[in-house]
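Chemist: Take a look and give me a structure for this.
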Amino acid sequence: MKKVWVLPTLLTLANGFFGFLALAKCLDASRLGAASPEFGGKLEYASICVLLAMLCDCLDGWVARRLNSSTDFGGQLDSLCDAVSFGIVPGVIFKTFMESGSVAPSTMLSRYWLAAGGCYACCALLRLARFNVENSLGREDHKAFRGLPSPGAAFVVVAAVLFYYDERLDQTDTFLTHLPWLRDFAIVVRSSVVVIMPFLMFGLGAAMVSRLAYPHFGSQLFSKKFTVGRIARGVVVLALAALEPRLVFFLASLLFGFYGPVYTVIKRIRGRIPRPRQN
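Modeler: Next up is the predicted model:
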């Protein structure tokens, strides 16, 4: 085996470590029980660990390309860590989160949640295996994804959990206080997260194993030149994220998660509409 570069490998291992830490926090939450006031905090901690794993996953590839140190070993290690952090962990977070209700779930309902989390995890593993095969055959150009990438799916799960436990929605001195209609809408959406999450897990699993097109924002971010307009829009997004981070993260995750199906539908509709003839 060829020698491995230290920095990209450490970043990839950091991805796996944060995935392990998220699993440990889910176990701590289960041990405390849903009635404990620390239950939500443990799940928030686990969700933040997944976000940190996503950051490491972005950095290790970027550093490897900058150092011209990409190796087969690094690619396999990255997939193994992704399988933990973005495949197994989000399914466990979901299962732990759904058991946070004040009423103990029935056996059938608990099995349904287990099936939803298991479906997500298995589809994530299939997605990563397919990516490895296609990447080895040279079919991946790193400009777009075929199917929802597993970090993007994990982002939807953890963003929903962080949004659900957002205490800022109940405070009166936040940015949303000046927009009562948006604050009331956000509170209604938050109360619906528990109902939507099981269906969302099945949908995310299906999107990962699909052939829907998803943009590669990381590749576009570092390869394209930025105009003044793009920089201005980026500043606005960052400002909103600083004011209401969890709400912005949740909306951004949903936009990315639904990008593939919506883009495909729009593309097919446009293909069926006849173009006007030019005289």
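Chemist: From now on I want contacts and neighbour counts done on CA atoms only, so please keep to that.
Modeler: Fine.
Chemist: my guess is residue 246 contacts residue 168, does it?
Modeler: No: Residue 246 lies out of contact with residue 168 (C-alpha atoms under 8 Å); the separation is 9.2 Å.
Chemist: tell me which residues of whatever helix or strand residue 251 lives in are tucked away?
Modeler: Element membership of residue 251 [criterion: DSSP states H and E] is helix 245-257. Neighbour counts using 16 or more other C-alpha atoms under 10 Å place 245, 246, 247, 248, 249, 250, 253, 254, 256, 257 of helix 245-257 among the buried residues.
Chemist: Show me which of the residues you listed is closest to residue 228.
Modeler: Proximity of the buried residues of helix 245-257 to residue 228, judged by C-alpha to C-alpha, is greatest for residue 248, which lies at 22.6 Å.
Chemist: ok, now which ones touch the closest one?
Modeler: Taking C-alpha atoms under 8 Å, 6 or more residues apart in numbering, we find residue 248 in contact with 240, 241.
Chemist: where's it relative to residue 46, distance?
Modeler: Per C-alpha to C-alpha, to the nearest Å, residue 248 is found 19 Å from residue 46.
Chemist: Equivalent analysis for residue 95, please.
Modeler: 13 Å.
Chemist: For those two, work out which one has more neighbours and name it.
Modeler: For the pair residue 95 and residue 46, the greater number of neighbours falls to residue 46 (30 against 22), based on other C-alpha atoms under 10 Å.
Chemist: What sits closest to residue 92 if chain neighbours are left out?
Modeler: Once flanking residues are discounted, residue 92 sits nearest to residue 117: 6.8 Å by C-alpha to C-alpha, 6 or more residues apart in numbering.
Chemist: Show me what the host helix or strand of the one you found packs onto, helices and strands only.
Modeler: For residue 117, the host element (DSSP H and E) is helix 107-136. Other helices and strands packing on helix 107-136, by 3 or more C-alpha pairs under 8 Å, 6 or more residues apart in numbering; DSSP states H and E, are helix 72-82, helix 89-98, helix 150-164, helix 180-208.
Chemist: and if we set it to 6 Å?
Modeler: The contact analysis (3 or more C-alpha pairs under 6 Å, 6 or more residues apart in numbering; DSSP states H and E) places helix 107-136 against helix 180-208.
Chemist: how far does the helix it packs on sit from the chain's center?
Modeler: Relative to the centre of its chain, helix 180-208 is centred 14 Å away, using C-alpha atoms, centre = their mean, to the nearest Å.
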